[in-house]
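**Q** Structure here, sequence nowhere to be found:
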(Lines give C-alpha, C1' and ligand atoms only; values in the text may rest on other atoms or scores of the structure.)
Protein backbone atom coordinates (compact mmCIF):
# COMPACT_ATOMS: atom_id res chain seq x y z
CA UNK A 1 0.00 0.00 0.00
CA UNK A 2 1.60 3.33 -1.07
CA UNK A 3 2.30 5.85 1.64
CA UNK A 4 -0.02 8.85 1.51
CA UNK A 5 1.45 12.36 1.54
CA UNK A 6 0.87 14.50 4.60
CA UNK A 7 -1.81 17.17 4.36
CA UNK A 8 0.90 19.83 4.20
CA UNK A 9 2.65 18.05 1.33
CA UNK A 10 -0.64 17.69 -0.55
CA UNK A 11 -1.44 21.39 -0.10
CA UNK A 12 2.04 22.27 -1.33
CA UNK A 13 1.67 20.05 -4.41
CA UNK A 14 -1.78 21.48 -5.18
CA UNK A 15 -0.53 25.05 -4.77
CA UNK A 16 2.55 24.51 -6.93
CA UNK A 17 0.61 22.75 -9.70
CA UNK A 18 -2.22 25.28 -9.57
CA UNK A 19 0.18 28.20 -9.91
CA UNK A 20 1.80 26.54 -12.94
CA UNK A 21 -1.61 25.92 -14.52
CA UNK A 22 -2.74 29.47 -13.76
CA UNK A 23 0.43 30.87 -15.34
CA UNK A 24 -0.34 28.81 -18.45
CA UNK A 25 -3.82 30.40 -18.58
CA UNK A 26 -2.50 33.93 -17.96
CA UNK A 27 0.50 33.84 -20.28
CA UNK A 28 -1.50 34.54 -23.46
CA UNK A 29 -2.97 37.56 -21.66
CA UNK A 30 0.51 38.94 -20.95
CA UNK A 31 0.18 38.55 -17.18
CA UNK A 32 2.03 36.78 -14.44
CA UNK A 33 0.34 35.08 -11.51
CA UNK A 34 1.69 37.79 -9.20
CA UNK A 35 0.16 40.51 -11.40
CA UNK A 36 -3.15 38.64 -11.37
CA UNK A 37 -3.15 38.70 -7.58
CA UNK A 38 -2.46 42.45 -7.62
CA UNK A 39 -5.40 43.06 -9.96
CA UNK A 40 -7.66 40.76 -7.94
CA UNK A 41 -6.72 42.54 -4.73
CA UNK A 42 -7.39 45.95 -6.28
CA UNK A 43 -10.74 44.76 -7.63
CA UNK A 44 -11.81 44.12 -4.05
CA UNK A 45 -10.30 47.29 -2.59
CA UNK A 46 -9.03 49.84 -5.07
CA UNK A 47 -7.24 52.98 -3.90
CA UNK A 48 -4.84 51.25 -1.53
CA UNK A 49 -1.42 52.66 -0.87
CA UNK A 50 1.52 50.81 -2.36
CA UNK A 51 2.63 49.97 1.15
CA UNK A 52 -0.77 48.51 2.12
CA UNK A 53 -0.92 46.53 -1.10
CA UNK A 54 2.60 45.11 -0.59
CA UNK A 55 1.75 44.13 2.99
CA UNK A 56 -1.52 42.50 1.95
CA UNK A 57 0.21 40.51 -0.80
CA UNK A 58 3.11 39.72 1.53
CA UNK A 59 5.77 41.01 -0.86
CA UNK A 60 8.37 43.75 -0.62
CA UNK A 61 7.66 47.26 -1.87
CA UNK A 62 10.43 47.10 -4.51
CA UNK A 63 8.99 43.82 -5.86
CA UNK A 64 5.53 45.37 -6.01
CA UNK A 65 6.85 48.47 -7.78
CA UNK A 66 8.43 46.28 -10.48
CA UNK A 67 5.15 44.38 -10.98
CA UNK A 68 3.04 47.53 -11.11
CA UNK A 69 4.95 49.17 -13.96
CA UNK A 70 3.76 46.80 -16.75
CA UNK A 71 0.20 46.92 -15.38
CA UNK A 72 0.30 50.70 -15.54
CA UNK A 73 1.79 50.63 -19.05
CA UNK A 74 -1.11 48.39 -20.18
CA UNK A 75 -3.60 50.85 -18.69
CA UNK A 76 -4.92 48.35 -16.15
CA UNK A 77 -3.97 50.40 -13.09
CA UNK A 78 -3.08 53.98 -12.28
CA UNK A 79 -0.98 55.44 -9.49
CA UNK A 80 -1.78 58.73 -7.81
CA UNK A 81 -0.11 60.74 -5.10
CA UNK A 82 -2.01 60.42 -1.82
CA UNK A 83 -3.44 63.85 -0.95
CA UNK A 84 -2.97 63.03 2.76
CA UNK A 85 0.68 62.01 2.37
CA UNK A 86 2.64 63.22 -0.64
CA UNK A 87 5.20 60.44 -0.11
CA UNK A 88 2.57 57.72 -0.59
CA UNK A 89 1.04 56.52 -3.84
CA UNK A 90 -2.48 55.16 -4.15
CA UNK A 91 -3.08 52.36 -6.63
CA UNK A 92 -6.36 52.20 -8.53
CA UNK A 93 -7.80 49.66 -10.92
CA UNK A 94 -8.81 51.52 -14.09
CA UNK A 95 -12.04 50.93 -15.98
CA UNK A 96 -9.96 49.12 -18.59
CA UNK A 97 -8.48 47.00 -15.79
CA UNK A 98 -11.96 46.15 -14.48
CA UNK A 99 -13.08 45.06 -17.97
CA UNK A 100 -9.89 43.06 -18.49
CA UNK A 101 -10.49 41.24 -15.21
CA UNK A 102 -14.13 40.54 -15.95
CA UNK A 103 -13.92 39.49 -19.57
CA UNK A 104 -10.42 38.06 -19.96
CA UNK A 105 -8.98 36.99 -16.60
CA UNK A 106 -12.05 35.70 -14.75
CA UNK A 107 -13.01 33.28 -17.55
CA UNK A 108 -9.45 31.86 -17.51
CA UNK A 109 -9.53 31.45 -13.75
CA UNK A 110 -13.00 29.83 -13.89
CA UNK A 111 -11.76 27.34 -16.49
CA UNK A 112 -8.90 26.37 -14.22
CA UNK A 113 -11.06 26.15 -11.11
CA UNK A 114 -13.66 24.05 -12.93
CA UNK A 115 -10.91 21.69 -14.01
CA UNK A 116 -9.40 21.49 -10.52
CA UNK A 117 -12.79 20.70 -9.00
CA UNK A 118 -13.98 18.39 -11.75
CA UNK A 119 -16.19 15.67 -10.26
CA UNK A 120 -16.95 17.62 -7.08
CA UNK A 121 -20.58 18.41 -6.33
CA UNK A 122 -21.57 21.97 -5.36
CA UNK A 123 -21.90 20.81 -1.77
CA UNK A 124 -18.44 19.22 -1.82
CA UNK A 125 -16.99 22.44 -3.28
CA UNK A 126 -18.58 24.51 -0.50
CA UNK A 127 -17.37 22.09 2.16
CA UNK A 128 -13.84 22.09 0.75
CA UNK A 129 -13.77 25.90 0.59
CA UNK A 130 -14.85 26.13 4.21
CA UNK A 131 -12.26 23.61 5.35
CA UNK A 132 -9.50 25.37 3.43
CA UNK A 133 -10.52 28.70 5.01
CA UNK A 134 -10.16 27.06 8.42
CA UNK A 135 -6.67 25.89 7.48
CA UNK A 136 -5.76 29.43 6.39
CA UNK A 137 -6.94 30.82 9.73
CA UNK A 138 -5.07 28.10 11.63
CA UNK A 139 -1.87 28.89 9.73
CA UNK A 140 -2.23 32.61 10.46
CA UNK A 141 -2.71 31.87 14.16
CA UNK A 142 0.29 29.54 14.16
CA UNK A 143 2.47 32.17 12.46
CA UNK A 144 1.41 34.72 15.07
CA UNK A 145 2.26 32.30 17.89
CA UNK A 146 5.66 31.60 16.34
CA UNK A 147 6.45 35.32 16.03
CA UNK A 148 5.41 35.87 19.63
CA UNK A 149 7.55 32.95 20.83
CA UNK A 150 10.59 34.24 18.87
CA UNK A 151 10.22 37.76 20.23
CA UNK A 152 10.01 36.53 23.85
CA UNK A 153 12.86 36.53 26.35
CA UNK A 154 16.05 34.82 25.25
CA UNK A 155 18.36 32.90 27.49
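**A** Everything's here; your move. Source: prediction; values computed, not measured. Residues are numbered from 1 along each chain as shown.

**Q** To which secondary structure element is the residue nearest the centre of the chain assigned?
**A** The centroid of the chain falls nearest to residue 37 when counting by Cα atoms, centre = their mean (3.8 Å). Using DSSP states H and E, residue 37 sits within helix 33-44.

**Q** Helix 33-44 and the longest strand anywhere in the chain, what's the angle between them?
**A** Counting residues, the longest strand found in the chain (DSSP state E) is strand 85-93. In terms of direction (axes from the mean of the first three to the mean of the last three Cα atoms, to 10 degrees), strand 85-93 departs from helix 33-44 by 100 degrees.

**Q** Next, the buried residues of strand 85-93.
**A** For strand 85-93, burial by neighbour count (16 or more other Cβ atoms under 10 Å) applies to 89, 90, 91, 93. From N, CA and C alone the C-beta is placed, and that goes for glycine too.

**Q** gap between the longest helix seen in the chain and the chain center?
**A** In the chain, assigned by DSSP state H, the helix with the most residues is helix 122-151. Centre-to-centre, helix 122-151 and its host chain are 16 Å apart (Cα atoms, centre = their mean, to the nearest Å).

**Q** per-domain residue ranges of this protein.
**A** Domain ranges of the chain: 10-116, 121-149, per automatic domain parsing.

**Q** one step back: taking the buried residues of strand 85-93, tell me the two that lie furthest apart.
**A** Farthest pair in these (Cβ to Cβ) is 89 and 93. Separation: 14.2 Å.

**Q** that older thread, quick one: distance of the longest strand of the chain to the chain centre.
**A** Worked out by Cα atoms, centre = their mean, strand 85-93 lies 20 Å from the chain centre.

**Q** Outside of it itself, list whatever touches it.
**A** 39, 42-43, 46-51, 53, 68, 76-82, 101 (Cβ atoms under 8 Å, 6 or more residues apart in numbering).
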